[in-house]
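Novice: build me a model:
(2 chains)
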Protein chains: 2
Amino acid sequence: MAEHLIEGMVNALSSLPGIGRKSAYRISFHLLRQDPAVFNGFIQSLSEVKGRIRFCSRCGSYSEEEICDLCLSEKRDSHTVCVVEQPEDVFFIENTGEFKGRYHVLDGVISPLEGVGPQDLRIRELLNRIEPEDLKEVLVATNPTLEGDATADYLNHQLKNFNISVTRIAYGITVGGSIELADQYTLGRAIRSRLKL
Amino acid sequence: MAEHLIEGMVNALSSLPGIGRKSAYRISFHLLRQDPAVFNGFIQSLSEVKGRIRFCSRCGSYSEEEICDLCLSEKRDSHTVCVVEQPEDVFFIENTGEFKGRYHVLDGVISPLEGVGPQDLRIRELLNRIEPEDLKEVLVATNPTLEGDATADYLNHQLKNFNISVTRIAYGITVGGSIELADQYTLGRAIRSRLKL
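Specialist: Just a heads-up that it's a prediction; the model follows:
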């Protein structure tokens, strides 16, 4: 019955985020049932994307070329840079359609527990962009976690030496959410970040 | 930002059962972040399993060889055959440890709506096994659906011409379940299938 082979496939699929063993079995049997040509198409599309995507040498987000289309676009506001933790954050922010500037990916956050210091992040690369790109605003969009907050504070401190406005995206009650269901930290943050109406 | 490449990967992953677009994005970003060597190992393990697994020419279940280990094993009861719809059903029944005979995979069920008739299933192959393997019991383990029931009835009818006992696995209240929560069809079936204590 080839259990050990099936188990091998199940183990590989279980390593993906959000895939438990039950889902992994379901997907495995789906793939095993699949026509070999369809299966190969599936495998090839994953491999091709993985092979073609690299990281923009300027902003660090996903790119097909040395410099990504967002960095090269003349239509973007070249004086505003949004700083994010991961390349995928660029994708999520772009999806909102609310930001028209450029990006800078840190490739992580400061985390003493995991031994990640400022020198391990793409912070020097950010500072090196300020003058040549004539940056006026740095919008920090790190996650509202202990590490994300510490990283935002560190960046704010570093950027003080430049004539540049440092802002941070607002963290508060989810749109469509309720005060009743928000946790105390989110609610506290929403109160501290209150805006004048 | 290579959106169209990322979308290609997301589309491929969304085609898997139980993977919605949100999970597909999560998995895509996980794969894009992955070290190329780890990614290649993942892809290779899927491809290798797919390439090495074929179907047993006798019983139709998953196998690495022409004839599977379950068909060849001397320890199994060679006179009892469990008939299932799909190769993976063999896997689930083996997991119970309750069945010690051999298997026969139909590769589907009779479904007039989908244009699947008895001749499209591996029923002739089952009948051809009766004499050479000296079968005494055929345990029908099709699903308790309209099509599964019709297929079980058809098999029962076909096997009447042979000196063979035809049985079917019991369908009733789930172990650990409750009468209150069982649907009326399951409960009705459990009553019809009642056993003497």
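
Novice: what sits up against the helix or strand containing residue A:125?
Specialist: Assigning secondary structure by DSSP states H and E places residue A:125 in helix A:123-130. The contact list for helix A:123-130, computed with CB atoms under 8 Å, 6 or more residues apart in numbering or on different chains, reads A:58, A:60, A:81, A:83, A:104, A:106, A:135, A:138, A:154-155, A:158-159, A:162, A:164. Backbone N, C-alpha and C define where each C-beta goes, glycine included.

Novice: quick one: residue A:104 from residue B:32, how far?
Specialist: 18 Å (CB to CB, to the nearest Å).

Novice: ok, those two, which is more surrounded?
Specialist: residue A:104 (26 against 21; other CB atoms under 10 Å in any protein chain shown).

Novice: element containing that one?
Specialist: Assigned by DSSP H and E, residue A:104 falls within strand A:102-105.

Novice: packing partners of that strand?
Specialist: Applying 3 or more CB pairs under 8 Å, 6 or more residues apart in numbering or on different chains; DSSP states H and E, one finds that strand A:102-105 contacts helix A:69-72, strand A:80-84, helix A:87-96, helix A:123-130.

Novice: what pairs with that strand, parallel or antiparallel?
Specialist: Counting by DSSP bridges, the strands paired with strand A:102-105 are strand A:80-84 (parallel).

Novice: by mean pLDDT, which helix or strand of chain A comes out lowest?
Specialist: Of all helical and strand segments in chain A, the minimum by mean pLDDT, DSSP states H and E falls on helix A:184-192, at a mean of 84.

Novice: check which residues of that helix are buried.
Specialist: For helix A:184-192, the neighbour count (16 or more other CB atoms under 10 Å in any protein chain shown) marks A:186, A:189, A:190 as buried.

Novice: do stretch A:87-107 as well
Specialist: By neighbour count, and taking 16+ other CB under 10 Å as the criterion, the buried residues in stretch A:87-107 are A:87-91, A:93-94, A:99, A:101-107.

Novice: go through the residues you listed and name the one nearest chain B.
Specialist: Comparing these against chain B with CB to the nearest CB places residue A:88 closest, at 4.2 Å.

Novice: mind checking pLDDT for that closest one?
Specialist: Residue A:88 is assigned a predicted lDDT (pLDDT) of 93.

Novice: just to revisit the earlier point, now the helix holding residue A:125: how far from the chain's centre is it?
Specialist: In terms of CA atoms, centre = their mean, to the nearest Å, the centre of helix A:123-130 is found 18 Å from the chain centre.

Novice: likewise stretch A:130-144?
Specialist: Distance, centroid of stretch A:130-144 to centroid of chain: 16 Å (CA atoms, centre = their mean).

Novice: what of stretch A:49-65?
Specialist: Mean-position distance between stretch A:49-65 and its chain equals 13 Å (CA atoms, centre = their mean).

Novice: then stretch A:106-114?
Specialist: Computed by CA atoms, centre = their mean, the chain-centroid distance of stretch A:106-114 equals 13 Å.

Novice: swap in stretch A:118-134?
Specialist: Distance of stretch A:118-134 from the chain centroid (CA atoms, centre = their mean) equals 18 Å.

Novice: would you mark the buried spots in it?
Specialist: Neighbour-count burial for stretch A:118-134 flags A:121, A:122, A:123, A:125, A:126, A:129, A:130 (criterion: 16+ other CB under 10 Å).

Novice: need the contact list for the second one.
Specialist: For residue A:122, the contacting residues are A:60, A:104, A:105, A:106, A:107, taking CB under 8 Å, 6+ apart as the criterion.

Novice: what's the strand holding residue A:104 in contact with?
Specialist: The contact list for strand A:102-105 (CB under 8 Å, 6+ apart) reads A:55, A:59-61, A:70-71, A:76-78, A:80-87, A:89-90, A:93, A:122, A:125-126, A:129, A:133, A:138.

Novice: what's the answer for stretch A:79-89, then?
Specialist: In contact with stretch A:79-89 (CB under 8 Å, 6+ apart) are residues A:55, A:59-62, A:90, A:93, A:99-109, A:126, A:129, A:133-143, A:148, A:151, A:155, B:25, B:29, B:32-33.

Novice: try stretch A:140-154
Specialist: Defining contact as CB under 8 Å, 6+ apart, one finds that stretch A:140-154 is touched by A:82-85, A:89, A:93, A:106, A:109-111, A:118, A:121, A:123, A:155-156, A:166-169, A:171, A:189.

Novice: okay, now the residue lying closest to residue A:69 once chain neighbours are set aside: neighbour count?
Specialist: Of all residues not flanking residue A:69 in the chain, residue B:1 sits nearest, at 6.5 Å (CB to CB, 6 or more residues apart in numbering or on different chains). Counted with other CB under 10 Å, the neighbours of residue B:1 add up to 22.

Novice: are the longest helix that chain A contains and chain B in contact anywhere?
Specialist: Across chain A, the longest stretch assigned as helix under DSSP state H is helix A:36-52. Yes - contact of helix A:36-52 with chain B (CB under 8 Å from any CB of the partner chain) involves A:36, A:39, A:42, A:43, A:45, A:46, A:47, A:48, A:49, A:50, A:52.

Novice: just the buried ones among the residues you listed, please.
Specialist: Among these, the ones that count as buried by 16+ other CB under 10 Å are A:39, A:42, A:43, A:45, A:46, A:47, A:49, A:50.

Novice: and of these, the nearest to residue A:17?
Specialist: Nearest to residue A:17 among those is residue A:46, at 15.1 Å by CB to CB.

Novice: the closest one touches residue B:10, doesn't it?
Specialist: No - assessed by CB atoms under 8 Å, residue A:46 is found out of contact with residue B:10, at 10.6 Å.

Novice: before we move on, back to that, quick one: mean pLDDT for the strand holding residue A:104?
Specialist: Computed over strand A:102-105, the average pLDDT equals 97.

Novice: likewise for stretch A:61-70?
Specialist: Mean predicted lDDT for stretch A:61-70 stands at 95.

Novice: and the contacts of that stretch?
Specialist: Against stretch A:61-70 from outside (CB under 8 Å, 6+ apart): A:52-59, A:76, A:87-88, A:90-91, A:94, A:102-103, A:105, B:1-2, B:5-6, B:32.
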